[in-house]
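Visitor: need a 3D model of the following:
(one chain, ligands or ions: 1)
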Amino acid sequence: MNCNWLSALPASARVSTYFLLQALLGSRIGRHWREFRAWTHLSPAELNRAVDQRLGALLTHASGAVPIYREGGLARWPGESAAGFLRRFPVLTRATVRERFAELVADSHREAITSPESVSRRRYDWIVVKTGGTTGVPTAVVHDAACRDAGRAGRLFSQQMCGFPLGTRYFRLWGSEQDLLQQRESTQRAVLRNLLGEVPLNAFRATEADLRRHLSTIFSHPRVHHLMAYVDAAASLASFVEDQHLVHPHFHSLMACAGTVTPEWRELLGRVFQTEVFDKYGSRECTDIACECSAHSGLHIYSPNVFVEVVDDLGQACPPGVTGRILVTLLHNFTFPLIRYEIGDMGTLAGPEHCPCGLAFPKIENVQGRKDDMLLTSDGMLITSGVVRHFVGVSLNRELIREWQLEQTGLDAFTFRYIPRQRGGLESNLRDLQTALKKAFGAGAEIQAQEVTEIPPSPSGKARWIINRMNQPTTT
Ligand SMILES: [Zn+2]
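Guide: A predicted model of the protein is given here:
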């Protein structure tokens, strides 16, 4: 059923129909959205109290009603802050979630949820969410109704942070196999998307024909001025427009999702699309976690929904400014509590300074991407994908090579995949790249060049420029 006509309705009509329809489906997103907005007006002291209360309630529930936490015999000490209590909980790794899935389910749902294959009898009660699994092994978690509604409210807030509040139409350059399948089978999703004013662009593939199709969709919607996108996909589109000397589409703002926004990409996106870029941080299993505000000096953590910590290799809290492993606690998911969940990203908390935008939510200074997005030099140093992109960028001739991907398969073994654009000069450009990469990884690095016709995306559908296939030990 084609329901695109819905997107032509006035914003106010779309918004009220959206909340009405959600309510009919059993969702309480309206309540969560009102509550989320109320939290944005809290002073720092009020916010601390509200977070303490919400986090404390979750931890007390988990330690009594969730087997994996009950066995630890954890109990809150008199006078202890919720954050202090939290620090006595173990770090929850993906491996633990996979191995002890059923023990993470609260007693109230023990009969209904026994494995990642379980299905809810009433559709809105809870749902099993599988992560893309950048390492190839998907992890399944459960989101209950409150978690899903809070997550959706968080996403509406992300749009507001990025300059296109609820009701404003936007393009969504997105794609994962799972999303695509869901879109194909669900009229409900299409209706909700149109009510939100979303114009989809499929980022699952990025062949030249796909990129041209995106541009034609964009130019056929001259009144849509905002873009929500996988940052890699947006950067691919921007490079394509520039390399092919095409007419540049312009956006008022761009929400960059699902990847690290490097300074190079921010500059590229700003230059090509004449747009303000907002870095948004989130994941499928943790929903939206944080987003940059108009001050562009860090990402505000979504305090109503998540509690974020940054810890070192020993699990000790890192002070602001010091990079460590990011741990996320979901505050609404009582059915399957994710407490101190190690999401796999490295990041840095910002200091407690007041943000000029006025929002009291604490900030993450930056997110440095996944450990498996980093590559290892022969002397054991981890270097980020941004640095690698820089090394490739300085010697890559984009007139000759359209797309590339670098994969590390061993300490000194790399595969450089590329899609050629022209033959003349290609050989010597590949030699320059070898030299640049050897500078980054050490003279012993072996770099195999491999010509391909398509760069395979990861299982989650994200284009990946840098892949580390070496088995890295996961610390707990
Ligand atoms: Zn701010």
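
Visitor: OK, contacts around Q448?
Guide: Shown in contact with Q448 (C-beta atoms under 8 Å, 6 or more residues apart in numbering): 413-416. In this view, the C-beta of every residue, glycine as well, is placed from N, C-alpha and C.

Visitor: whoops, I127 was the one
Guide: Counting by C-beta under 8 Å, 6+ apart, I127 makes contact with 120, 142-143, 148.

Visitor: using the three-state scheme, assign T217.
Guide: Of the three states, T217 takes helix according to DSSP: H, G, I helix; E, B strand; the rest coil.

Visitor: which residue, other than its chain neighbours, is closest to it?
Guide: L201 (5.9 Å; C-beta to C-beta, 6 or more residues apart in numbering).

Visitor: which helix or strand contains that neighbour?
Guide: Using DSSP states H and E, L201 sits within strand 198-202.

Visitor: partner strands of that strand and their direction?
Guide: According to DSSP bridges, strand 198-202 forms sheet pairs with strand 170-174 (parallel).

Visitor: measure how far the strand it pairs with is from the centre of its chain, please.
Guide: Distance of strand 170-174 from its chain centroid, counting by C-alpha atoms, centre = their mean, to the nearest Å, is 14 Å.

Visitor: list the contacts of that strand.
Guide: 159, 164, 197-203, 214, 217-218, 221, 224, 226-230, 233-234, 237, 251, 257.

Visitor: sort out which residues of the strand holding L201 are buried, please.
Guide: By neighbour count with 16 or more other C-beta atoms under 10 Å, strand 198-202 contains the buried residues 198-202.

Visitor: and the average pLDDT for that strand is what?
Guide: On average, the pLDDT along strand 198-202 is 89.

Visitor: one step back: between the buried residues of strand 198-202, which is nearest E446?
Guide: In terms of C-beta to C-beta, no member of those lies closer to E446 than N202, at 36.1 Å.

Visitor: pretty sure that closest one contacts L211?
Guide: No. N202 is not in contact with L211 according to C-beta atoms under 8 Å; the separation is 11.0 Å.

Visitor: looking at neighbours, which among the contacts of Q448 is most surrounded?
Guide: Highest neighbour count within those, by other C-beta atoms under 10 Å: F414, with 22 neighbours.

Visitor: residues in contact with the nearest residue to G56 once chain neighbours are set aside?
Guide: Counting by C-beta to C-beta, 6+ apart, G56 lies nearest to A82, which is 3.8 Å off, once chain neighbours are set aside. Contacts for A82 (C-beta under 8 Å, 6+ apart) come out as 51-53, 55-56, 59, 76.

Visitor: and the residues you listed, which of them are buried?
Guide: For the contacts of A82, buried by 16+ other C-beta under 10 Å: 51, 55-56, 59, 76.

Visitor: can you flag which of those residues belong to helices?
Guide: Among these, the members falling in helices are 51, 55-56, 59 (criterion: DSSP state H).

Visitor: quick one: A233 from the ion, how far?
Guide: For A233, the distance to the ion (C-beta to the ion, to the nearest Å) stands at 26 Å.

Visitor: how about D149?
Guide: 25 Å.

Visitor: quick check: that residue is in a helix.
Guide: Yes. When three-state DSSP is applied, D149 is found to be in a helix.

Visitor: is it true that it touches A23?
Guide: No. The criterion here is C-beta under 8 Å, and D149 misses it with A23 at 10.5 Å.

Visitor: more neighbours: which of those two?
Guide: The neighbour comparison of D149 against A23 (other C-beta under 10 Å) goes to D149, with 22 against 13.

Visitor: and the pLDDT at the more buried one?
Guide: Per-residue pLDDT puts D149 at 96.

Visitor: next: the one 3 residues further on.
Guide: pLDDT recorded at R152 is 95.

Visitor: ok, and the closest non-adjacent residue to the residue of the stretch 101-250 of the chain found nearest the ion?
Guide: The ion sits closest to M161 of the stretch 101-250 of the chain, with a gap of 8.5 Å, by C-beta to the ion. Distances taken as C-beta to C-beta, 6+ apart place C291 nearest to M161, at 4.5 Å, with adjacent residues excluded.

Visitor: so that neighbour lies in a strand, does it not?
Guide: Yes. Per three-state DSSP, C291 lies within a strand segment.

Visitor: bridge partners for it, pull those for me.
Guide: Following DSSP bridges, C291 is listed with bridge partners K280, H300.

Visitor: can I get stretch 346-356 in CSV, CA atoms only?
Guide: C-alpha atoms of stretch 346-356 as CSV (Å, rounded to 0.1, in the frame of the first residue of the first chain):
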residue,chain,number,x,y,z
MET,A,346,36.2,4.0,23.3
GLY,A,347,35.3,7.5,24.5
THR,A,348,36.1,10.4,26.8
LEU,A,349,33.8,12.1,29.2
ALA,A,350,33.7,16.0,29.2
GLY,A,351,34.1,18.0,32.4
PRO,A,352,31.1,19.3,34.3
GLU,A,353,31.3,22.8,32.7
HIS,A,354,28.0,24.5,31.9
CYS,A,355,27.1,24.1,28.2
PRO,A,356,26.2,27.4,26.4
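
Visitor: name the next helix or strand downstream of the worst-scoring helix or strand of the chain on mean pLDDT, please.
Guide: One helix or strand of the chain scores below all others by mean pLDDT, DSSP states H and E: helix 177-185, with a mean of 49. For helix 177-185, the succeeding helix or strand toward the C-terminus, using DSSP H and E, is helix 187-196.

Visitor: okay, the angle between that following helix and strand 198-202?
Guide: Helix 187-196 runs at 120 degrees relative to strand 198-202, counting by axes from the mean of the first three to the mean of the last three C-alpha atoms, to 10 degrees.

Visitor: give me the contacts around helix 187-196.
Guide: Residues contacting helix 187-196 (C-beta under 8 Å, 6+ apart): 1, 3-7, 14-15, 17-18, 21-22, 25, 166, 182-183, 200.

Visitor: take these and keep only those in strands.
Guide: P200 (DSSP state E).

Visitor: ok, now which ones touch the residue lying farthest from the centre of the chain?
Guide: Relative to the centre of the chain, and counting by C-alpha atoms, centre = their mean, the farthest-placed residue is G424 at 39.0 Å. By C-beta under 8 Å, 6+ apart, the residues touching G424 are L400.

Visitor: repeat that for C286.
Guide: Contacts of C286 were listed using C-beta under 8 Å, 6+ apart, and they are 306, 328, 330, 338, 341, 343.

Visitor: and the fourth one, what's its pLDDT?
Guide: What that stands for is L338. 98.

Visitor: that one and L327, how far apart?
Guide: Relative to L327, L338 is positioned 10 Å away (C-beta to C-beta, to the nearest Å).

Visitor: can you check the last one too?
Guide: Taking C-beta to C-beta as the criterion, I343 is separated from L327 by 7 Å.

Visitor: so A234 sits against L254, correct?
Guide: Yes. Judged on C-beta under 8 Å, A234 makes contact with L254 at a distance of 6.5 Å.

Visitor: what's the neighbour count on the residue lying closest to R94 once chain neighbours are set aside?
Guide: Among residues not flanking R94 along the chain, T139 sits closest, at 4.6 Å (C-beta to C-beta, 6+ apart). Using other C-beta under 10 Å, T139 has 22 neighbouring residues.

Visitor: again, but for L86
Guide: Around L86 there are 21 residues (other C-beta under 10 Å).

Visitor: what's the answer for R266, then?
Guide: Neighbours of R266 (other C-beta under 10 Å): 19.
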